[in-house]
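Undergrad: Using only what follows, build the 3D model:
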Amino acid sequence: MLGALQSAYGNSIEILAGSGINASNARMLMEETGIRQVHSSCRDWMTDPTTTSNGVTYGFAEPSHANCYDVVSETLVRQLLDSLGELGDRTMIAKYKKNILVRRLITILAVVASALLQTYVIQAFIRPANLLSSGFTGVAILIDRIASLYGHNISTSLGMLVLNIPVAVLCSRSISMRFTFYSMLQVFLASFFLKICSFEPLFNDVLLDVVFGGFLYGLSIAIALRGSASTGGTDFIALYVSNKTGRSIWEYVFAGNCVILCIFGCMFGWLYAGYSILFQFVSTKAISAFHHRYERVTLQITTTKRRIS
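TA: Reported below is the predicted structural model:
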């Protein structure tokens, strides 16, 4: 079970194994589970003749150590360290580096899949149904639509880059550079795929486009988030403000999306603005269903075994 927990959550939390850890089992535990930290009391007993006197005892241990008090044994500590040998250094560092490479590969695959799926949704669902997505992608789509009314062409892919790059540069110092890099990689790939890909509409019904498109759009965002990245845009701003002030601004992000939808409704019809609200609602529910990073989880393990064999 410890190995399964380490595989599932070891990249997010540090698991410290304890209870019954000693020189005879620590190395096996670390090798088989991949856990990098263990806790051992290395307890030994020292005799204290004053513990029991004249029928009065101050002892607290089992009968075999009734006149003793517990100490940390230097000998047991050294035996524990000797049993691990280089495991705590070279072997575990190699495993850690391997985990880093695996995590980066997973992030890259997630970013590529997210960008490709986002491109598919934009071309096969959003454009045919005259919908508007949320965030900077929605702003880029709106700018493209408005420019087309006046005979100009500002592509959605170009708008996504122009909007995201300045925000990423400004916010990168206050949020993770790794997160910023992979998020911008997702934006660049989505812009690139919009240029080279041409997906045909799947349905000829607006409501079906809203439901299925909203679900797949939310899934594309969830894939990026699960890969420790994002689709850029308002995510950068929200994280920046949160890191600076400790407060969430998602209410303001939602208000900003409402303003964009109002502009969209005034210029292109309230019917499609209403469909766009439903589209964003479905996509938000999809994100919530597939991404649970910020949920608080308490794990309690109760066992009758006192030692690991």
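
Undergrad: looking at it, residue 199 is touching residue 123, isn't it?
TA: Yes. If you go by CB atoms under 8 Å, residue 199 and residue 123 touch, sitting 4.2 Å apart. The way it works is simple: take the backbone N, C-alpha and C, and place the C-beta from them, glycine included.

Undergrad: Next up, the contacts around residue 180.
TA: Contact analysis of residue 180 by CB atoms under 8 Å, 6 or more residues apart in numbering lists 168, 171, 172, 236.

Undergrad: Take these and keep only those in helices.
TA: 168, 171, 236 (DSSP state H).

Undergrad: on that earlier part again, most neighbours among the contacts of residue 180, which one is it?
TA: Within those, most neighbours by other CB atoms under 10 Å means residue 236, with 25 neighbours.

Undergrad: Leaving out chain neighbours, which residue sits closest to that residue?
TA: residue 171 (4.4 Å; CB to CB, 6 or more residues apart in numbering).

Undergrad: Let me see the contact set for that neighbour.
TA: 180, 236, 237, 239, 240.

Undergrad: Pretty sure the fourth one sits against residue 175.
TA: To tie it back to what came earlier, the one meant is residue 239. Yes. Residue 239 is within contact range of residue 175, at 4.5 Å (criterion: CB under 8 Å).

Undergrad: hmm, back to that, output the contacts of residue 180 as a markdown table; include the columns pLDDT and distance to residue 148.
TA: Formatted as a markdown table, the contacts of residue 180 follow (pLDDT from 0 to 100; distance: CB to CB, whole Å):
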| residue | pLDDT | distance to residue 148 |
| --- | --- | --- |
| 168 | 86 | 27 |
| 171 | 78 | 31 |
| 172 | 77 | 33 |
| 236 | 79 | 28 |
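
Undergrad: From those residues, pick the one nearest residue 184.
TA: Taking CB to CB as the measure, residue 184 lies nearest residue 168 of the contacts of residue 180, at 5.2 Å.

Undergrad: residues touching that closest one, list them.
TA: Here residue 168 is in contact with 180, 183, 184, 232, 236 (criterion: CB under 8 Å, 6+ apart).

Undergrad: Repeat the analysis, applying 7 Å as the threshold.
TA: 180, 184, 232, 236 (CB atoms under 7 Å, 6 or more residues apart in numbering).

Undergrad: Got the domain ranges for the protein?
TA: 2-85, 106-290 (automatic domain parsing).

Undergrad: Point out the most buried one among these.
TA: domain 106-290 (a mean of 18; mean count of other CB atoms under 10 Å).

Undergrad: From start to finish, how long is it in a straight line?
TA: With CA to CA, to the nearest Å as the measure, domain 106-290 spans 16 Å from end to end.

Undergrad: how far does it sit from the chain's center?
TA: 19 Å (CA atoms, centre = their mean, to the nearest Å).

Undergrad: And the furthest pair within the contacts of residue 180?
TA: Taking CB to CB, no two of the contacts of residue 180 sit farther apart than 172 and 236, at 8.2 Å.

Undergrad: and the nearest residue to residue 194 once chain neighbours are set aside, how far is that from residue 220?
TA: Counting by CB to CB, 6+ apart, the nearest residue to residue 194 once its immediate chain neighbours are dropped is residue 157, at 4.1 Å. Separation of residue 157 from residue 220 (CB to CB, to the nearest Å): 15 Å.
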